[in-house]
Every structure is written in structure tokens, then in C-alpha cells.
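1. Build me a model:
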Amino acid sequence: MSDPHPARPADKEDRRTFLQKVAEFIHPGPDSRAELIETLSDAEDNQIIDAESRVMLEGVIKMADLTAGDVMVAAPRMDMVNIDAPYDDILHLVIDTAHSRFPVFEGDRENIIGILLAKDLLKLQRAPELNLRALLRPAVFVPESKGLNDLLREFRGNRNHLAVVIDEFGRTAGLITIEDVLEQIVGEIEDEFDIGEEEGDIYALADRTWRVSGDTAVDRVEEAFGVQLAPAAADDEHRFETIGGLIAHAMGHVPKRGEHLQMAGLDFVVLHTKGGAVRWFKVAPANADDGTG
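-> This is a model prediction of the structure:
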């Protein structure tokens with residue numbers, strides 16, 4: 001009678017050669033995330049991977065340490081719809097902000113009752129008798145401490161693209177979208193060559209340009225790049241604390257994604273805007289022949 005459970009080769013047979021085992025013993029793999037990132041940098045230097053691949057891989061590694069609170073849009077900057085607002089006001093908000101999803105509140109901004117998809121407004125245009133409430137999708141709430149890896153998994157599983165972030169006291173802290181999460185991988189990701197020791201304002205990128213937060217103080221940008229952006233004699237009325245405010249004033253309007261301005265030998269390109277303010281600039285030395293803006 002044949003054996004019902006015949007012997008099978010091991011599923012994870014070690015196929016390494018003797019020389020490979022010796023090499024791995026002499027040069028073991030990375031033991032920490034920092035060492036792994038350093039290994040990726042070495043791989044780029046040796047032209048095993050290109051700069052874009054390194055930045056994306058580093059983003060995947062670093063994302064494991066990030067939470068929803070780290071990358072959310074803060075509550076004061078959230079673009080929200082008042083359920084009692086006239087249709088024309090809501091339509092103008094959708095057009096001006098160009099978002100696809102909006103938290104909807106009733107009474108005060110803390111009372112979020114659902115999510116409105118911009119495309120659903122077309123249904124109201126065709127059938128004005130419809131109630132806006134009937135078009136709302138359920139709002140998803142997540143704590144600030146929610147890990148981005150877990151959040152991305154949930155976004156993919158339940159097909160939601162937006163979540164409202166709440167703090168430890170149950171108040172609205174901000175919102176986060178699947179785009180915000182994916183930007184940590186495929187967007188303008190900071191690398192290890194950041195300028196200075198302060199966090200969250202200026203980062204050097206793999207292509208030797210910089211990502212600068214719109215909230216960064218003007219004097220910090222001046223110090224980091226060795227330039228003078230604001231006139232020394234500027235009065236209090238025309239003095240701007242943040243680089244976002246200064247650039248918006250110089251442009252004469254609220255900057256939009258893709259717009260750029262040259263100032264003090266630097267080229268500022270608007271990368272990302274949220275809530276009527278610039279969230280991130282990309283900064284590079286301006287071409288000498290272009291002049292300043």
C-alpha cells in the first residue's frame with residue numbers, strides 16, 4: 001500500500017553556494033532601517049538603482065514610522081461644506097478648490113455628518129428636488145495615532161479615499177486622503193540630507209533641489225539658502241512671517257499648483273496646496289539668464 005504522505009523536498013531549500021554563504025557571513029545584511037536606507041544609498045551610488053527608485057523605496061521604509069497625524073491636513077485648513085449652504089456656494093467651493101471629496105458639517109465644523117463627492121453635485125443639477133443629505137457618503141474617522149501602513153490597507157480594502165482624523169479627546173484634528181499617504185512613497189519625499197536640525201520645513205531631494213513647507217519662517221529660508229527675501233526696511237504691514245505668505249503676496253493671488261516665482265536667485269515652484277494655502281514648494285537655483293520675479 002502506498003504511503004499517503006510521500007516525502008517532499010523542503011519548501012525553503014537553501015540553494016546558496018558555499019561562497020555565497022561565506023560572503024554573507026563576512027558582509028551581513030542590514031540590521032536596522034537606518035542601515036537599510038544606507039544600503040539603498042550605496043546601491044544608487046553603484047548605479048544598481050536610480051535616484052527615483054531609491055527615493056520611493058526609502059518612502060516605503062519610512063512610512064512604517066508615520067501616523068495619520070504626521071501627514072494630515074490640519075483642521076483649520078480643511079475645505080468643508082456647510083449642509084445649509086446654497087447650492088451655488090457649494091458649487092463655487094468645489095470649483096475653486098478642485099477637490100473630489102468634502103467633509104460636510106451641520107451647525108459647527110466639529111459636527112461632521114458625511115462626505116460629499118463632487119461628482120454627486122451633478123445629480124442635484126439634474127434633479128434639484130433631491131436632498132443634499134441623501135447624497136452624502138458615511139464619514140470614516142481614524143485616530144491621529146493610526147499608522148499609515150494600516151490606513152493604506154484600509155483605504156484599499158473599503159475603497160474610501162478620505163478619512164477624518166480625530167485627536168485623543170474626540171475632536172476633529174484634520175483629514176487625510178489616500179493621496180496624502182501615497183505621496184509619502186511616490187511624491188516629493190525627503191531624504192537624509194535635510195538642512196539644519198529643525199523638523200518638517202526644509203528637505204533636500206535626490207535631484208539636488210529642495211522641498212520647503214509653506215509654513216516655514218522667511219528668516220529660516222533666508223538663513224538656509226543664504227539669501228535675503230524680505231526687504232530689510234519693510235514695515236510691519238508688509239512683513240510676512242512665512243514663505244507661503246511672502247510668495248502669495250509677490251504673486252498677487254493665491255498660488256496654484258504648478259505656478260512658479262523667481263526671487264533672490266531662487267525658483268519657487270508650487271508643489272501642493274491645501275485649504276487655500278501652499279503646503280509645499282520645490283526650490284532650486286534660478287537660471288542666471290532668467291532674472292528674478
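2. Buried residues of stretch 255-264, list them for me.
-> If you call a residue buried by 16 or more other Cβ atoms under 10 Å, then stretch 255-264 has these buried ones: Pro255, His260, Leu261, Gln262, Met263, Ala264. For every residue, glycine as well, the C-beta is placed using N, CA and C.
3. ok, and the closest non-adjacent residue to the first one?
-> So that's Pro255. Val270 (4.6 Å; Cβ to Cβ, 6 or more residues apart in numbering).
4. per-residue pLDDT, Arg208?
-> pLDDT, Arg208: 77.
5. In strands, which of the buried residues of stretch 255-264 fall?
-> Judged by DSSP state E, the subset of those located in strands is His260, Leu261, Gln262, Met263.
6. could I get those residues as JSON lines with distance to Phe105 and pLDDT?
-> As requested, those are exported to JSON lines (distance: Cβ to Cβ, whole Å; pLDDT from 0 to 100):
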{"residue": "His260", "distance to Phe105": "35", "pLDDT": "87"}
{"residue": "Leu261", "distance to Phe105": "35", "pLDDT": "92"}
{"residue": "Gln262", "distance to Phe105": "40", "pLDDT": "93"}
{"residue": "Met263", "distance to Phe105": "38", "pLDDT": "92"}
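7. Show me what secondary structure element comes after the helix-or-strand element of the chain with minimal mean pLDDT.
-> The weakest-scoring helix or strand in the chain, judged by mean pLDDT, DSSP states H and E, is helix 18-26 (a mean of 51). Tracing the chain past helix 18-26, the next element assigned as helix or strand by DSSP states H and E is helix 33-45.
8. May I see the buried residues of that following helix?
-> Ile37, Leu40, Ser41, Glu44.
9. Closest to Asp180 out of the residues you listed?
-> Nearest to Asp180 among the buried residues of helix 33-45 is Ile37, at 21.9 Å by Cβ to Cβ.
10. my guess is the closest one meets Glu58, correct?
-> Yes - between Ile37 and Glu58 there is a contact under Cβ atoms under 8 Å: 5.6 Å.
11. re the thing from before, for burial, what's the neighbour tally of the residue nearest to Pro255?
-> Residues near Val270, counting by other Cβ atoms under 10 Å, number 23.
12. name the helices or strands packed onto the host helix or strand of it?
-> Val270 is part of strand 266-274, with elements assigned from DSSP H and E. Secondary-structure packing of strand 266-274 (3 or more Cβ pairs under 8 Å, 6 or more residues apart in numbering; DSSP states H and E): strand 260-263, strand 277-285.
13. got the CA coordinates for it in PDB?
-> Extracted C-alpha coordinates of strand 266-274, given in PDB (Å, rounded to 0.1, in the frame of the first residue of the first chain):
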ATOM      1  CA  LEU A 266      15.800  81.100  -6.300                       C
ATOM      2  CA  ASP A 267      13.000  79.400  -8.300                       C
ATOM      3  CA  PHE A 268       9.900  78.600  -6.100                       C
ATOM      4  CA  VAL A 269       7.500  76.000  -7.700                       C
ATOM      5  CA  VAL A 270       4.200  75.300  -6.100                       C
ATOM      6  CA  LEU A 271       4.000  71.600  -5.500                       C
ATOM      7  CA  HIS A 272       0.900  71.200  -3.400                       C
ATOM      8  CA  THR A 273      -1.900  73.400  -2.000                       C
ATOM      9  CA  LYS A 274      -4.500  72.600   0.700                       C
END
